[in-house]
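Colleague: Show me the folded form of this:
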Amino acid sequence: MNKMSTTDATQLTSTKIRGAFSAKSIQEIGTGTTKRKVVQTFLYYAEENDKGDIILRVLNENHVPSGPEQIINKDELLESFTPEMELYTKSVFPAMRELGKRLAKADRQRQLGNVFTAEMNYNEALTFDVNSIRANFGIGLCYLERNEEAKASDIFKRLISLDAAFEKKHKHLFNTFGISLRKNKMYNEAVAFYSKALNFSYDADDENLFFNIARSLSELGNKNDACEYLNKCLTINPDFIEGKKLKTFLSKK
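Modeller: Next up is the predicted model:
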């Protein structure tokens, strides 16, 4: 692995780190006289969070961060990765800025109710990053708004396979998507979606998740399981009004 120079390290540690970095991997292939070393270079986008840790994501062929996040400490970054200043300035930053513009435009159109235009803009964003969580959620919400259940189901399958969709920074999006699934009577999908969110520890005490699962289960006619999730919801927040209303309703069935 290439190490940063002292100058590079000083420049990077004076403010929060954000930029493109490379790491080399050396592997030996073959045996005997055919044995040789192969050097591979991997490109990453690194950004320092508020805790001082470094969030790493692979740069895709369009020079935008894609896929799951990896957390490392600053010392590991300075020791094992090489800064790629020119790559960041000329390719990565412009590509990320353009992707951000496409997503912002798409979000605006969706909020205005222009779901066909929004879908087109989200698809443009996907040309930069096919795994863009924001774009996939956005397209899914457009399909649900138009009651296109088959297309929405395809997006649901894609999103539920991406752990990144359930990261805390996307909480508002997956809550909105889950509610839209339920409103479109896709109750099984809503239960599966919210249940996966519960696998992420930061949401283990979110009464809204338990309530939304309970409500979807009640729509499926599964009263016993609905009551179980509802009790968990009210244990977390005994004053949750919607939860108390649903409990009263189920007790009369």
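Colleague: Going by C-alpha atoms from here, please, whenever you check contacts or count neighbours.
Modeller: Fine.
Colleague: Just the strands from the stretch 51-200 of the chain, written as ranges.
Modeller: Ranges of strands within the stretch 51-200 of the chain are 54-59, 65-72, 82-83, based on DSSP state E, counting those that start in this stretch.
Colleague: Paired strands for the last one, with orientation please.
Modeller: By that I understand strand 82-83. strand 18-29 (antiparallel) (DSSP bridges).
Colleague: neighbouring contacts of the partner strand?
Modeller: Residues from elsewhere that reach strand 18-29 (C-alpha atoms under 8 Å, 6 or more residues apart in numbering): 1-2, 35-48, 80-85, 87-88, 92.
Colleague: at 7 Å what do you get?
Modeller: 1, 35-48, 80-85, 87-88 (C-alpha atoms under 7 Å, 6 or more residues apart in numbering).
Colleague: Now whatever helix or strand Val39 lives in: average pLDDT?
Modeller: In the assignment (DSSP states H and E), Val39 maps to strand 36-48. Mean per-residue pLDDT for strand 36-48: 90.
Colleague: Show me which positions of that strand end up buried.
Modeller: Leu43, Tyr44, Tyr45, Ala46, Glu47, Glu48 (16 or more other C-alpha atoms under 10 Å).
Colleague: Using CSV, list the CA coordinates for it.
Modeller: Extracted C-alpha coordinates of strand 36-48, given in CSV (Å, rounded to 0.1, in the frame of the first residue of the first chain):
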residue,chain,number,x,y,z
ARG,A,36,4.1,-13.3,-11.2
LYS,A,37,2.7,-10.4,-9.2
VAL,A,38,-0.4,-8.6,-10.3
VAL,A,39,-1.1,-5.1,-8.9
GLN,A,40,-4.7,-3.9,-8.8
THR,A,41,-5.7,-0.3,-8.0
PHE,A,42,-9.1,0.5,-6.3
LEU,A,43,-10.6,3.9,-6.2
TYR,A,44,-12.7,5.2,-3.3
TYR,A,45,-14.5,8.3,-2.1
ALA,A,46,-13.7,9.1,1.5
GLU,A,47,-15.5,11.5,3.8
GLU,A,48,-15.0,12.2,7.5
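Colleague: what angle sits between it and strand 54-59?
Modeller: Here strand 36-48 runs at an angle of 120 degrees relative to strand 54-59 (axes from the mean of the first three to the mean of the last three C-alpha atoms, to 10 degrees).
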